[in-house]
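**Student:** only the shape, not the letters, is given here:
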Ligand code: HAM
């Protein structure tokens, strides 16, 4: 016999998503598609591989993402490629590359899929993680910001995340931000020597990043630094005021957070994050904002944009902790056939019910009734359909409700209708995560 080799494991910071948890992931994705469609967003799928320069230019060479966290390699033809750390830059690239702007108007796009950042793995932080994101391109109107936030709030409500905070800020634009950065540099001159090494470096290279610092000892100094919202020019201020007023109008609570500058350089004006106490240290469930200069950074025509990305790993975790999403995939029916003669009709029934959309399990092996019922229980089947010698003769099968134990005899052609009646949700999918079909 060959010697057993050492077990090959998954790469650090990556993980396998297994059933039944994958069902929760599907539910979140289904709900996102439903809510986003209601706001007229359409799906875009961009490659996982992009040219490195796409992220260097948009996310910013001096950000943690680009300077430390990207999976970058030289391809065989010497091209530098990167596994995308985020997808906003990719969406804007695609929008420019396919001249979608020529169609005029506003374009609303959403995406879901894996992103890659080489961060220190911990709960809620992975090297391969998943985002569900949406971007609106072609308008700088503040109501775009608000409508997109309204959509997000509806989505969070639908998946059952109730305890969260919307943190809101404005980071100004290329006209007013330089004034702020000057003031920040001046203020940092006085304190930077007492700050952490990273902040000392950031104070020189990209002072806004100092506001992101998580080092405890630096916090009192950072709290005293000038606030960007005090430096907004009249247009940025007006934009921010409208966003805030409309959020109040729509009863969407927010918390102004002047230090919220986000970890990517492309933002202008509105920035935001949603945090959830259920998550511990990695508490940002999602983040986003406006990026009116991004298209030009990557060689496109001026195209204002606004969007967000939800960390799906964290959202699922938060919703699981809130106990909102049930686990597991219920099986509609388990077909128990007793004796060889029952196999062909049982198989035929299974095929027909599956074609109708029911989830059905059937054993390839003959089994005693008791064992079959044990399996039906273990699989959490809602019904068991029993086909034995007597049922074959009478032409009517037993349909057993596994929860109540009630049993009724039904002709094979009626079974689909009976199941449908009892499993109403199948023909009329409710908002899956709310379970409010009573
Ligand atoms: P971001 O804040 O870098 O923004 O990421 C968005 C969300 O992705 C975070 O709030 C977090 O939930 C999740 N996330 C980030 N890194 C990890 C990780 N290592 N493990 C697990 N989850 C993670 C963006 O990516 C922007 N593209 C958002 C955006 C869209 N802005 C405008 N449009």
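**Tutor:** Yep, it's here. Given the structure is predicted, the values throughout are model-derived calculations rather than measurements. Residues are numbered from 1 along each chain as shown.
**Student:** does residue 175 count as helix, strand or coil?
**Tutor:** With DSSP: H, G, I helix; E, B strand; the rest coil as the basis, residue 175 sits in coil.
**Student:** for the remainder of this discussion, apply numbering that starts at 54.
**Tutor:** With 54 as the first residue, the last one maps to residue 228.
**Student:** count the neighbours of the closest residue in space to it that isn't next to it in sequence for me.
**Tutor:** Residue nearest to residue 228 in three dimensions, not counting chain neighbours: residue 286, with 5.4 Å by Cβ to Cβ, 6 or more residues apart in numbering. C-beta coordinates here come from the backbone N, C-alpha and C atoms, glycine included. By other Cβ atoms under 10 Å, the residues close to residue 286 number 14.
**Student:** cool, and the one 10 residues further on?
**Tutor:** Around residue 296 there are 23 other residues, counting by other Cβ under 10 Å.
**Student:** now the one helix or strand it maps to: average pLDDT?
**Tutor:** Element membership for residue 296 (DSSP states H and E) is helix 287-302. Helix 287-302 shows a mean pLDDT of 98 in the predicted model.
**Student:** tell me the residues of this structure that contact the ligand?
**Tutor:** Proximity of the chain to the ligand (Cβ under 6 Å from any ligand atom) is limited to residues 139, 141, 170, 172, 177-179, 182, 184, 186, 188, 316-317, 337-342, 344, 360-362, 364, 366-367.
**Student:** repeat that with 5 Å
**Tutor:** Contact residues, the chain versus the ligand (Cβ under 5 Å from any ligand atom): 139, 141, 170, 172, 178-179, 182, 337, 339-341, 360, 362, 364, 366-367.
**Student:** which of those sits closest to the ligand?
**Tutor:** residue 364 (2.1 Å; Cβ to the nearest ligand atom).
**Student:** got the confidence number for the closest one?
**Tutor:** Residue 364 is assigned 98 on the pLDDT scale.
**Student:** hmm, it is touching residue 341, no?
**Tutor:** No: Residue 364 lies out of contact with residue 341 (Cβ atoms under 8 Å); the separation is 11.4 Å.
**Student:** centre of the chain to the helix holding residue 296, how far?
**Tutor:** 27 Å (Cα atoms, centre = their mean, to the nearest Å).
**Student:** what packs against that helix?
**Tutor:** In terms of contacts (3 or more Cβ pairs under 8 Å, 6 or more residues apart in numbering; DSSP states H and E), helix 287-302 is packed against helix 195-212, strand 218-223, strand 321-328.
**Student:** wait, what's in contact with the residue nearest to residue 228?
**Tutor:** 225-226, 228-229 (Cβ atoms under 8 Å, 6 or more residues apart in numbering).
**Student:** state the helix or strand in which the residue of the chain positioned farthest from its centre lies.
**Tutor:** Distance from the centre of the chain peaks at residue 446, with 52.8 Å (Cα atoms, centre = their mean). Residue 446 belongs to helix 442-447 when assigned by DSSP H and E.
**Student:** now that helix: buried residues?
**Tutor:** Residues 444-445 are the ones in helix 442-447 that count as buried (16 or more other Cβ atoms under 10 Å).
**Student:** quick check: neighbours of the helix or strand following that helix in the sheet, parallel or antiparallel?
**Tutor:** Next along the chain after helix 442-447, taking DSSP H and E as the criterion, comes strand 450-454. Strand 450-454 has the following strand partners under DSSP bridges: strand 434-440 (antiparallel), strand 460-463 (antiparallel).
**Student:** kindly reformat the ones you listed as TSV containing mean pLDDT.
**Tutor:** Output for those, formatted as TSV (pLDDT from 0 to 100):
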stretch	mean pLDDT
strand 434-440	97
strand 460-463	96
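**Student:** got JSON lines for these, with mean neighbour count too?
**Tutor:** Converted to JSON lines, those look like this (neighbours: other Cβ atoms under 10 Å):
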{"stretch": "strand 434-440", "mean neighbour count": "24"}
{"stretch": "strand 460-463", "mean neighbour count": "14"}
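**Student:** just the buried residues from the residues of the chain next to the ligand, in ChimeraX please.
**Tutor:** Buried residues within the residues of the chain next to the ligand, by 16+ other Cβ under 10 Å, are selected in ChimeraX with:
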select :139,141,170,172,178,179,182,337,339,340,341,360,362,364,366,367
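**Student:** can you list which of the residues of the chain next to the ligand are found in strands?
**Tutor:** Among the residues of the chain next to the ligand, the members falling in strands (DSSP state E) are 182, 337, 339-341, 360, 362, 364.
**Student:** with distance to residue 422 as extra columns, can I get those residues in JSON lines?
**Tutor:** Converted to JSON lines, those look like this (distance: Cβ to Cβ, whole Å):
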{"residue": "182", "distance to residue 422": "47"}
{"residue": "337", "distance to residue 422": "53"}
{"residue": "339", "distance to residue 422": "51"}
{"residue": "340", "distance to residue 422": "55"}
{"residue": "341", "distance to residue 422": "56"}
{"residue": "360", "distance to residue 422": "56"}
{"residue": "362", "distance to residue 422": "52"}
{"residue": "364", "distance to residue 422": "48"}
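**Student:** okay, angle between the helix holding residue 296 and strand 321-328 too, please.
**Tutor:** Angle of helix 287-302 versus strand 321-328, following axes from the mean of the first three to the mean of the last three Cα atoms, to 10 degrees, is 30 degrees.
**Student:** okay, the angle between helix 287-302 and helix 195-212?
**Tutor:** 30 degrees.
**Student:** buried stuff in helix 287-302?
**Tutor:** Here helix 287-302 shows 289-290, 292-293, 296-297, 299-300 as buried, counting by 16+ other Cβ under 10 Å.
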